[in-house]
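Visitor: the sequence and its predicted three-dimensional model are supplied below.
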Amino acid sequence: MLESVTFVVLLVFIALLFDFLNGFHDAANSISTVVSTRVLSPKIAVIWAAFFNFSAVFFVGTAVAHTVGKGIIQIDIADNLVIFSALGGAIIWNIITWYYGLPSSSSHALIGGLIGAAISKAGIGTLVWSGITKTTLFIVVSPAVGMILGFIFMVISMNLCRNSNIAKTDKLFRKLQLCSAAVYSLGHGMNDAQKTMGIIAMALFSKGFLGDTFYIPLWVIIASYSVISLGTMFGGWRIVKTMGTKITKLQPIGGFSAETAAACSIIGATFGGIPVSTTHTIAGAIVGVGASKRLSAVRWGVAGNIVWAWILTIPISAIISSAIYFFIKFIIL
(Lines give C-alpha, C1' and ligand atoms only; values in the text may rest on other atoms or scores of the structure.)
Protein backbone atom coordinates (compact mmCIF):
# COMPACT_ATOMS: atom_id res chain seq x y z
CA MET A 1 0.00 0.00 0.00
CA LEU A 2 2.80 2.46 0.96
CA GLU A 3 4.31 2.12 -2.50
CA SER A 4 1.11 2.75 -4.46
CA VAL A 5 0.25 5.82 -6.51
CA THR A 6 -2.68 6.38 -4.14
CA PHE A 7 -0.27 6.76 -1.24
CA VAL A 8 1.78 9.31 -3.20
CA VAL A 9 -1.42 11.32 -3.67
CA LEU A 10 -2.02 11.01 0.10
CA LEU A 11 1.52 12.28 0.73
CA VAL A 12 0.87 15.31 -1.44
CA PHE A 13 -2.30 15.98 0.55
CA ILE A 14 -0.45 15.63 3.87
CA ALA A 15 2.33 17.93 2.61
CA LEU A 16 -0.28 20.54 1.74
CA LEU A 17 -1.83 20.03 5.18
CA PHE A 18 1.59 20.85 6.65
CA ASP A 19 1.70 23.87 4.33
CA PHE A 20 -1.69 25.02 5.65
CA LEU A 21 -0.56 24.54 9.26
CA ASN A 22 2.64 26.41 8.44
CA GLY A 23 0.61 29.40 7.28
CA PHE A 24 -1.78 29.02 10.22
CA HIS A 25 1.06 28.71 12.75
CA ASP A 26 3.17 31.48 11.20
CA ALA A 27 0.31 33.91 10.63
CA ALA A 28 1.42 35.36 13.96
CA ASN A 29 4.76 36.27 12.41
CA SER A 30 3.08 38.14 9.58
CA ILE A 31 0.41 40.00 11.53
CA SER A 32 1.41 40.21 15.20
CA THR A 33 3.21 43.54 14.90
CA VAL A 34 0.60 45.23 12.70
CA VAL A 35 -2.22 43.98 14.96
CA SER A 36 -0.54 44.83 18.26
CA THR A 37 0.08 48.42 17.06
CA ARG A 38 -3.58 48.56 15.95
CA VAL A 39 -2.70 49.63 12.43
CA LEU A 40 -4.98 46.88 11.10
CA SER A 41 -7.73 44.81 12.65
CA PRO A 42 -6.96 41.07 12.94
CA LYS A 43 -9.35 40.14 10.11
CA ILE A 44 -7.95 42.71 7.69
CA ALA A 45 -4.39 41.89 8.75
CA VAL A 46 -4.65 38.18 7.87
CA ILE A 47 -6.17 39.01 4.47
CA TRP A 48 -3.36 41.53 3.87
CA ALA A 49 -0.73 38.97 4.88
CA ALA A 50 -2.30 36.14 2.87
CA PHE A 51 -2.41 38.27 -0.28
CA PHE A 52 1.30 39.04 -0.08
CA ASN A 53 2.14 35.47 0.93
CA PHE A 54 0.72 34.34 -2.41
CA SER A 55 2.18 37.29 -4.34
CA ALA A 56 5.65 35.95 -3.54
CA VAL A 57 5.15 33.35 -6.30
CA PHE A 58 5.93 36.09 -8.84
CA PHE A 59 9.17 37.28 -7.23
CA VAL A 60 11.39 34.30 -6.47
CA GLY A 61 12.56 30.97 -7.85
CA THR A 62 12.82 27.61 -6.09
CA ALA A 63 16.29 27.60 -4.51
CA VAL A 64 14.95 26.93 -1.00
CA ALA A 65 12.71 24.12 -2.31
CA HIS A 66 15.76 22.43 -3.85
CA THR A 67 17.64 22.68 -0.55
CA VAL A 68 14.77 21.00 1.31
CA GLY A 69 14.10 18.46 -1.45
CA LYS A 70 17.64 17.16 -1.88
CA GLY A 71 19.89 19.06 0.53
CA ILE A 72 18.91 17.64 3.94
CA ILE A 73 18.79 13.88 3.37
CA GLN A 74 19.96 11.72 0.46
CA ILE A 75 17.08 11.72 -1.95
CA ASP A 76 17.49 8.07 -2.95
CA ILE A 77 16.39 6.90 0.53
CA ALA A 78 13.37 9.21 0.63
CA ASP A 79 10.61 6.66 0.14
CA ASN A 80 6.96 7.20 0.99
CA LEU A 81 7.34 6.05 4.59
CA VAL A 82 10.26 8.40 5.25
CA ILE A 83 8.35 11.36 3.82
CA PHE A 84 5.16 10.43 5.66
CA SER A 85 7.02 10.13 8.97
CA ALA A 86 8.84 13.44 8.43
CA LEU A 87 5.59 15.27 7.75
CA GLY A 88 3.94 13.60 10.74
CA GLY A 89 6.71 14.72 13.08
CA ALA A 90 6.56 18.30 11.80
CA ILE A 91 2.76 18.51 11.97
CA ILE A 92 2.55 17.10 15.51
CA TRP A 93 5.22 19.51 16.80
CA ASN A 94 3.47 22.44 15.10
CA ILE A 95 0.19 21.56 16.79
CA ILE A 96 1.88 21.20 20.20
CA THR A 97 3.62 24.57 19.97
CA TRP A 98 0.49 26.27 18.62
CA TYR A 99 -1.52 24.91 21.57
CA TYR A 100 0.94 26.38 24.07
CA GLY A 101 1.31 29.63 22.13
CA LEU A 102 5.01 29.10 21.42
CA PRO A 103 6.33 30.68 18.20
CA SER A 104 8.49 27.78 17.05
CA SER A 105 9.79 27.16 13.54
CA SER A 106 7.69 25.12 11.11
CA SER A 107 10.72 24.99 8.85
CA HIS A 108 12.97 23.42 11.44
CA ALA A 109 10.19 21.04 12.50
CA LEU A 110 10.11 19.75 8.92
CA ILE A 111 13.89 19.47 8.76
CA GLY A 112 13.93 17.65 12.11
CA GLY A 113 11.25 15.32 10.78
CA LEU A 114 13.33 14.50 7.71
CA ILE A 115 16.43 13.87 9.82
CA GLY A 116 14.62 11.56 12.25
CA ALA A 117 12.92 9.52 9.54
CA ALA A 118 16.07 9.20 7.42
CA ILE A 119 18.22 8.04 10.35
CA SER A 120 15.52 5.54 11.31
CA LYS A 121 15.61 4.02 7.84
CA ALA A 122 19.29 3.95 6.97
CA GLY A 123 21.40 5.54 9.68
CA ILE A 124 23.23 8.82 10.12
CA GLY A 125 25.14 8.39 6.85
CA THR A 126 22.01 9.33 4.90
CA LEU A 127 22.19 12.94 6.07
CA VAL A 128 23.50 15.70 3.79
CA TRP A 129 25.62 17.60 6.29
CA SER A 130 26.30 20.63 4.09
CA GLY A 131 22.59 21.45 3.88
CA ILE A 132 21.93 20.63 7.54
CA THR A 133 24.89 22.74 8.70
CA LYS A 134 23.77 25.69 6.62
CA THR A 135 20.22 25.41 7.95
CA THR A 136 21.07 24.88 11.62
CA LEU A 137 23.63 27.70 11.53
CA PHE A 138 20.81 30.06 10.70
CA ILE A 139 18.96 29.05 13.88
CA VAL A 140 21.46 31.42 15.48
CA VAL A 141 22.19 33.72 12.55
CA SER A 142 18.61 34.61 11.51
CA PRO A 143 17.38 35.90 14.92
CA ALA A 144 20.76 37.60 15.50
CA VAL A 145 20.56 39.40 12.17
CA GLY A 146 16.91 40.24 12.82
CA MET A 147 17.79 41.63 16.25
CA ILE A 148 20.70 43.73 14.98
CA LEU A 149 18.70 45.09 12.05
CA GLY A 150 15.67 45.72 14.28
CA PHE A 151 17.88 47.70 16.67
CA ILE A 152 19.46 49.68 13.79
CA PHE A 153 16.17 50.45 12.01
CA MET A 154 14.57 51.53 15.28
CA VAL A 155 17.45 53.86 16.17
CA ILE A 156 17.46 55.36 12.67
CA SER A 157 13.68 55.84 12.71
CA MET A 158 13.71 57.49 16.13
CA ASN A 159 16.52 59.83 15.11
CA LEU A 160 14.79 60.82 11.89
CA CYS A 161 11.66 61.69 13.89
CA ARG A 162 13.33 63.31 16.89
CA ASN A 163 12.07 66.80 15.92
CA SER A 164 8.54 65.61 15.17
CA ASN A 165 5.73 65.29 17.70
CA ILE A 166 4.30 61.94 18.78
CA ALA A 167 1.02 62.35 16.87
CA LYS A 168 2.74 63.05 13.53
CA THR A 169 5.24 60.25 14.01
CA ASP A 170 2.50 57.80 14.88
CA LYS A 171 0.46 58.80 11.82
CA LEU A 172 3.46 58.45 9.50
CA PHE A 173 4.51 55.04 10.75
CA ARG A 174 0.97 53.69 10.67
CA LYS A 175 1.10 54.22 6.91
CA LEU A 176 4.65 52.91 6.58
CA GLN A 177 3.76 49.81 8.59
CA LEU A 178 1.29 48.76 5.92
CA CYS A 179 4.22 48.61 3.51
CA SER A 180 6.58 46.87 5.94
CA ALA A 181 3.92 44.29 6.84
CA ALA A 182 3.36 43.63 3.14
CA VAL A 183 7.08 43.17 2.44
CA TYR A 184 7.48 40.92 5.48
CA SER A 185 4.56 38.73 4.34
CA LEU A 186 6.11 38.62 0.88
CA GLY A 187 9.35 37.34 2.40
CA HIS A 188 7.47 34.81 4.54
CA GLY A 189 5.73 33.41 1.46
CA MET A 190 8.98 33.33 -0.51
CA ASN A 191 10.77 31.18 2.05
CA ASP A 192 8.13 29.07 3.79
CA ALA A 193 5.99 27.96 0.84
CA GLN A 194 9.11 26.53 -0.79
CA LYS A 195 9.63 24.00 2.00
CA THR A 196 6.40 22.24 1.07
CA MET A 197 7.36 22.38 -2.61
CA GLY A 198 10.60 20.57 -1.78
CA ILE A 199 8.79 17.79 0.11
CA ILE A 200 6.18 17.25 -2.63
CA ALA A 201 8.86 17.22 -5.33
CA MET A 202 10.84 14.72 -3.22
CA ALA A 203 7.82 12.40 -3.08
CA LEU A 204 7.21 12.70 -6.82
CA PHE A 205 10.87 12.24 -7.76
CA SER A 206 11.30 9.17 -5.55
CA LYS A 207 8.52 7.43 -7.51
CA GLY A 208 9.80 8.49 -10.93
CA PHE A 209 7.08 11.06 -11.68
CA LEU A 210 9.66 13.77 -12.42
CA GLY A 211 11.94 11.64 -14.60
CA ASP A 212 15.69 11.67 -14.03
CA THR A 213 15.98 15.35 -13.07
CA PHE A 214 14.81 16.83 -9.78
CA TYR A 215 12.71 19.95 -10.38
CA ILE A 216 9.66 21.72 -8.95
CA PRO A 217 6.55 21.41 -11.19
CA LEU A 218 4.50 24.56 -11.73
CA TRP A 219 1.36 23.04 -10.21
CA VAL A 220 3.33 22.29 -7.01
CA ILE A 221 4.47 25.91 -6.82
CA ILE A 222 0.95 27.31 -7.28
CA ALA A 223 -0.60 24.81 -4.86
CA SER A 224 1.98 25.49 -2.15
CA TYR A 225 1.63 29.27 -2.30
CA SER A 226 -2.17 29.02 -2.40
CA VAL A 227 -2.45 26.70 0.61
CA ILE A 228 0.02 28.57 2.83
CA SER A 229 -1.91 31.76 2.09
CA LEU A 230 -5.15 30.05 3.04
CA GLY A 231 -3.58 28.91 6.31
CA THR A 232 -2.46 32.47 7.03
CA MET A 233 -6.03 33.70 6.59
CA PHE A 234 -7.19 31.43 9.43
CA GLY A 235 -4.43 32.72 11.71
CA GLY A 236 -2.76 31.19 14.77
CA TRP A 237 -4.22 33.60 17.30
CA ARG A 238 -2.58 32.02 20.35
CA ILE A 239 0.85 32.89 18.97
CA VAL A 240 -0.19 36.39 17.83
CA LYS A 241 -0.53 37.39 21.49
CA THR A 242 2.94 36.09 22.39
CA MET A 243 4.67 37.72 19.43
CA GLY A 244 2.76 40.99 19.45
CA THR A 245 2.49 41.84 23.15
CA LYS A 246 4.46 39.55 25.44
CA ILE A 247 8.03 40.12 24.17
CA THR A 248 7.90 43.92 24.26
CA LYS A 249 5.35 46.69 23.84
CA LEU A 250 5.23 47.89 20.24
CA GLN A 251 4.23 51.22 18.72
CA PRO A 252 3.86 51.74 14.95
CA ILE A 253 7.47 52.97 14.68
CA GLY A 254 8.64 49.77 16.39
CA GLY A 255 6.36 47.57 14.32
CA PHE A 256 7.71 49.13 11.13
CA SER A 257 11.31 48.66 12.25
CA ALA A 258 10.80 45.03 13.26
CA GLU A 259 8.98 44.05 10.07
CA THR A 260 11.49 45.82 7.82
CA ALA A 261 14.43 44.22 9.61
CA ALA A 262 12.92 40.73 9.44
CA ALA A 263 11.93 41.15 5.78
CA CYS A 264 15.48 42.13 4.78
CA SER A 265 16.92 39.09 6.56
CA ILE A 266 14.38 36.58 5.21
CA ILE A 267 14.42 37.78 1.60
CA GLY A 268 18.24 37.78 1.59
CA ALA A 269 18.32 34.20 2.87
CA THR A 270 15.68 33.12 0.35
CA PHE A 271 17.73 34.31 -2.62
CA GLY A 272 20.65 32.41 -1.07
CA GLY A 273 18.58 29.21 -1.05
CA ILE A 274 18.63 28.99 2.76
CA PRO A 275 15.47 27.70 4.50
CA VAL A 276 15.42 30.05 7.50
CA SER A 277 12.86 30.38 10.24
CA THR A 278 10.62 33.39 9.75
CA THR A 279 9.58 32.93 13.38
CA HIS A 280 13.14 33.23 14.66
CA THR A 281 13.82 36.26 12.49
CA ILE A 282 10.78 38.36 13.44
CA ALA A 283 11.16 37.44 17.13
CA GLY A 284 14.80 38.56 17.02
CA ALA A 285 13.78 41.80 15.29
CA ILE A 286 11.13 42.51 17.96
CA VAL A 287 13.74 41.96 20.70
CA GLY A 288 16.10 44.34 18.88
CA VAL A 289 13.41 47.00 18.70
CA GLY A 290 12.65 46.64 22.41
CA ALA A 291 16.33 46.73 23.35
CA SER A 292 16.83 49.97 21.41
CA LYS A 293 14.73 51.73 24.05
CA ARG A 294 16.22 49.99 27.09
CA LEU A 295 17.09 46.41 27.93
CA SER A 296 14.33 46.25 30.54
CA ALA A 297 11.76 46.90 27.78
CA VAL A 298 12.24 43.29 26.66
CA ARG A 299 10.54 40.57 28.69
CA TRP A 300 13.55 38.29 28.76
CA GLY A 301 11.71 35.47 30.50
CA VAL A 302 9.27 35.19 27.60
CA ALA A 303 12.13 35.49 25.11
CA GLY A 304 13.93 32.68 26.96
CA ASN A 305 10.93 30.36 26.66
CA ILE A 306 10.80 31.05 22.93
CA VAL A 307 14.52 30.26 22.57
CA TRP A 308 13.99 26.92 24.32
CA ALA A 309 11.26 26.10 21.80
CA TRP A 310 13.74 26.90 19.01
CA ILE A 311 16.44 24.68 20.49
CA LEU A 312 14.08 21.74 21.00
CA THR A 313 12.28 21.92 17.64
CA ILE A 314 14.68 19.88 15.49
CA PRO A 315 15.48 17.13 18.03
CA ILE A 316 11.89 16.67 19.23
CA SER A 317 10.38 16.64 15.75
CA ALA A 318 13.13 14.16 14.78
CA ILE A 319 12.19 11.92 17.70
CA ILE A 320 8.49 12.11 16.81
CA SER A 321 9.12 11.28 13.14
CA SER A 322 11.38 8.40 14.14
CA ALA A 323 8.68 7.02 16.43
CA ILE A 324 6.13 7.27 13.61
CA TYR A 325 8.52 5.49 11.23
CA PHE A 326 9.15 2.55 13.55
CA PHE A 327 5.50 2.31 14.58
CA ILE A 328 4.32 1.99 10.99
CA LYS A 329 7.19 -0.27 9.91
CA PHE A 330 7.01 -2.77 12.73
CA ILE A 331 3.39 -2.56 13.90
CA ILE A 332 1.33 -1.78 10.81
CA LEU A 333 3.37 -3.33 8.01
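Guide: Here it is on my side, so go on. Numbering: from 1, shown residues only.

Visitor: name the helix or strand of this protein that has the lowest mean pLDDT.
Guide: Between all helices and strands in the chain, the lowest mean by mean pLDDT, DSSP states H and E belongs to helix 237-241, at a mean of 54.

Visitor: same for the longest helix anywhere in the chain, what does it pack against?
Guide: When the chain is parsed with DSSP state H, its longest helix is helix 166-206. With contacts defined as 3 or more CB pairs under 8 Å, 6 or more residues apart in numbering; DSSP states H and E, the packing partners of helix 166-206 are helix 5-36, helix 42-55, helix 63-70, helix 80-99, helix 106-122, helix 218-234, helix 252-271, helix 278-293. From N, CA and C alone the C-beta is placed, and that goes for glycine too.

Visitor: quick one: closest of those to Gly189.
Guide: Minimum separation from Gly189 across these (CB to CB) falls at helix 42-55, 3.7 Å.

Visitor: residues in contact with that closest one: which ones?
Guide: Contact with helix 42-55 is made by 23, 27, 30-31, 34-35, 40, 178, 181-183, 185-186, 188-189, 193, 225-226, 228-230, 232-235, 237, 240, as judged by CB atoms under 8 Å, 6 or more residues apart in numbering.

Visitor: hmm, 6 Å instead?
Guide: Under the contact criterion CB atoms under 6 Å, 6 or more residues apart in numbering, helix 42-55 has outside partners 27, 30-31, 34-35, 182, 185-186, 189, 225, 228-229, 232-233, 235.

Visitor: below-threshold pLDDT in the stretch 151-300 of the chain: ranges please.
Guide: Applying pLDDT under 70 to the stretch 151-300 of the chain flags residues 235-250, 294-300.

Visitor: make it 80
Guide: 166, 234-251, 277-280, 292-300 (pLDDT under 80).

Visitor: I'd like to know how far Ala223 sits from Thr37.
Guide: According to CB to CB, to the nearest Å, Ala223 stands 33 Å off from Thr37.

Visitor: typo on my end, it should be Lys195
Guide: Per CB to CB, Lys195 is found 29 Å from Thr37.

Visitor: how about Thr97?
Guide: For Thr97 relative to Thr37 (CB to CB), the value is 24 Å.
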